[in-house]
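**Q** task: produce atomic coordinates for the following.
(one chain, ligands or ions: 1)
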Amino acid sequence: MTIYFYKVWQPYGCFSNFSPHGIQIQGTYWATVEHYYQAQKFVGSIDAVIIPAIHNAPTPEEAAALGRCSSRQLRCDWDIVKTQVMREAVLKKFLTHTEIRDILLNTGNEIIVEDSPNDYFWGCGKNKTGQNQLGKVLMSVREEIRKLVSVTALTEKYL
Ligand SMILES: Nc1c(N[C@@H]2O[C@H](COP(=O)(O)O)[C@@H](O)[C@H]2O)[nH]c(=O)[nH]c1=O
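**A** Here you go, the predicted structure:
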C-alpha cells in the first residue's frame, strides 16, 4: 500500500525534510534537511549573504520562508543540481539517525509519496499528478542503504 506523508506530526512524519533530524555536511551542522536544502539555493549567487540566516533559522518553516523569498537570486545551476543536493542531504539524514533508518527500511518496497497539496515537483500535488521527486529520493536512499547494510553484514561475516 502506498505510503503518504507530509507534515512532521502526521504518520511517517520523519520522512519530511522538516523533521528534527540534523545532518553534518562538509563540516557544517544543519538543524534539518530543509535548512540545508534552502541554503544551497544561494551557494555562489550574489545573494549568498542570506546563507547564515537560513542556517540559523529557529525552525525549518523559517528557513523555507527565507529560501523562498522571490526577490533573491538563486544560483544559476539550481534546477540542474537541486535533486542531487536533496538526495545527498536525505541520505545523510537516514545514515545518521538509525531509529528513522529502520522506519524507512521497514517500508519494504512500498511506494512513498510526499502528499503535498501545493508542490508538484517534490510532492504529488493536490490532484496526485505531481512528480513526487522527494518520494523518489526516499525510495532511492532506501535502496542504497539496503545495499550498504548487506555489504556491511558480508564484511563482518567474512573479513
Ligand atoms: N514538508 C513541507 C514542505 N515540503 C518541502 O518543501 C521543500 C520545497 O521547497 P521549495 O523548493 O522552496 O518549494 C521540500 O523540502 C519539500 O519536501 N513544504 C512546506 O511548506 N511545509 C512542509 O511541511
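
**Q** the residue lying closest to Q40 once chain neighbours are set aside: neighbour count?
**A** Setting aside the residues directly before and after it, Q40 is nearest to V85 in space (Cβ to Cβ, 6 or more residues apart in numbering), at 4.7 Å. All C-beta atoms are positioned from the backbone trio N, CA, C, and that covers glycine. Neighbourhood size, V85 [other Cβ atoms under 10 Å]: 18.

**Q** quick one: V85 and E34 touch, right?
**A** No: V85 is beyond contact range of E34, at 11.9 Å (criterion: Cβ atoms under 8 Å).

**Q** name the helix or strand for the residue of the chain at minimum distance from the ligand, please.
**A** Using Cβ to the nearest ligand atom, N17 is the residue of the chain that sits closest to the ligand, at 3.7 Å. Assigned by DSSP states H and E, N17 belongs to neither a helix nor a strand.

**Q** ok, it to N109 distance?
**A** Shown here: N17 relative to N109, a distance of 22 Å by Cβ to Cβ, to the nearest Å.

**Q** tell me which of the two has more neighbours.
**A** Using other Cβ under 10 Å, the more surrounded residue of N17 and N109 is N17, with 24 against 7.

**Q** can I take it that Y4 is in a strand?
**A** Yes: Y4: assigned to a strand according to DSSP: H, G, I helix; E, B strand; the rest coil.

**Q** can you tell me, leaving aside adjacent residues, what's nearest to it?
**A** D115 (4.1 Å).
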